[in-house]
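*Asks:* sequence and computational prediction follow.
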Amino acid sequence: MKEMLDRMAKDLARIRKNKPLIHHITNYVVMNETANATLCIGALPIMAHAKEEVEEMVVAAGALLLNLGTLTPELVDSMILAAKKANELGIPVVLDPVGAGATALRTSASTRLFAETKVDIVRGNIAEICALIGRRAEIKGVEALSDLEGAEEVAKEMSKTKGCTTAITGKIDIVSDGTRIALIENGHSMLRTVSGTGCMATTIVAAFAAAEEDRFLAATGGLIAFGIAGEKAAQISGPRPGTFHVCLYDALAELSEEELLSRARVRFI
């Protein structure tokens, strides 16, 4: 475990040294939040959605992040074009399937992305991941209403079925590549009081993917880093969501390699 944590800490240092560009095709509701989170962890954000430029833009990226939060058919087309170009160049593709299972458009968009492109990492809640593999889970809007038992098996099945690393976030975050499993206990309940923290978590995972070739370690490192930042922010903000929101940016920006090593609460199976 120490060797893997050491590698994740080095990934954090690499992000801040190299400042990789993270190309987002993302959620209009939280675009500013994800841009700020990208900057705070040490990477650079670009939000480029038009199909006329996404292939050109992704060439310069360290990772491509696709977020289905405010989806349109035109946006799906842009995502497919960008992901195919990223695949061609060996650039990691990270998917946040917001609301998959809630509507036919979101579910079909996710299906198309997996059928027509290579997704390296998917980060979602339990209901979204269940929808992608045909399991039932309760969902309202884009929020999961239930945590299913056996989430580790869901993550493994998703990874084996779709050929990707799967990260399921909840009270305990679960990451699997179909063989390895990480159970991450970092985080805080205040993260649920601010819109877009799930999207921000995906952004941090994408930044780690730009620095780490092992997608399992990238997803695990990103979620540990974000969880620790949430804990630190809550210590300062108390039960005030607005203050917590600001403190979360500060905590991401101030997160050190030493803190990632000393505060990580993760078990590997």
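*Replies:* Sure, I can see it.
*Asks:* does the strand or helix carrying T202 pack against any helices or strands, and if so which?
*Replies:* For T202, the element it lies in under DSSP states H and E is helix 197-211. Contacts defined by 3 or more C-beta pairs under 8 Å, 6 or more residues apart in numbering; DSSP states H and E place helix 197-211 against helix 2-18, strand 21-25, helix 31-41, strand 63-67, strand 93-96, strand 121-124, helix 215-237, helix 241-254. Quick note: C-beta positions are derived from backbone N, CA and C, even for glycine.
*Asks:* average model confidence for that helix?
*Replies:* In this model, helix 197-211 has an average pLDDT of 98.
*Asks:* can you check stretch 181-188 too?
*Replies:* Here the average pLDDT along stretch 181-188 is 98.
*Asks:* let the chain start at 33 from now.
*Replies:* In the new count, where the first residue is 33, that last one comes out as stretch 213-220.
*Asks:* ends of that stretch, what's the gap?
*Replies:* Using C-alpha to C-alpha, to the nearest Å, one end of stretch 213-220 lies 21 Å from the other.
*Asks:* would you mind measuring from K116 to V90?
*Replies:* Distance of K116 to V90, given as C-beta to C-beta, to the nearest Å: 9 Å.
*Asks:* neighbouring strands - and their directions - for the one helix or strand A199 maps to?
*Replies:* Using DSSP H and E, A199 sits within strand 197-200. Note on strand 197-200: by DSSP bridges, its sheet partners are strand 153-156 (parallel), strand 205-208 (antiparallel).
*Asks:* give me the residues contacting that strand.
*Replies:* With contact meaning C-beta atoms under 8 Å, 6 or more residues apart in numbering, strand 197-200 is reached by 152-158, 161, 183, 186-188, 190-191, 205-209, 237, 247-248, 250-252, 255.
*Asks:* for it, buried residues please.
*Replies:* Neighbour counts using 16 or more other C-beta atoms under 10 Å place T197, T198, A199, I200 of strand 197-200 among the buried residues.
*Asks:* ok, so of those residues, who is nearest P77?
*Replies:* Using C-beta to C-beta, A199 comes nearest to P77 of the buried residues of strand 197-200, at 19.9 Å.
*Asks:* any idea how far K188 is from that closest one?
*Replies:* For A199, the distance to K188 - C-beta to C-beta - is 12 Å.
*Asks:* swap in A45?
*Replies:* The gap separating A45 from K188 is 31 Å, by C-beta to C-beta.
*Asks:* do the same with I200
*Replies:* Relative to K188, I200 is positioned 11 Å away (C-beta to C-beta).
*Asks:* what of T197?
*Replies:* According to C-beta to C-beta, T197 and K188 sit 11 Å apart.
*Asks:* coming back round to it: what's the closest of the strands paired with strand 197-200 to A233?
*Replies:* When the strands paired with strand 197-200 are compared by C-beta to C-beta, strand 153-156 sits nearest A233, at 6.5 Å.
*Asks:* using CSV, list the CA coordinates for that closest one.
*Replies:* Taking Å, rounded to 0.1, in the frame of the first residue of the first chain, the C-alpha atoms of strand 153-156 are listed here in CSV:
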residue,chain,number,x,y,z
ILE,A,153,-12.2,5.9,-16.3
VAL,A,154,-15.9,6.3,-15.4
ARG,A,155,-16.8,8.1,-12.1
GLY,A,156,-20.4,8.1,-11.0
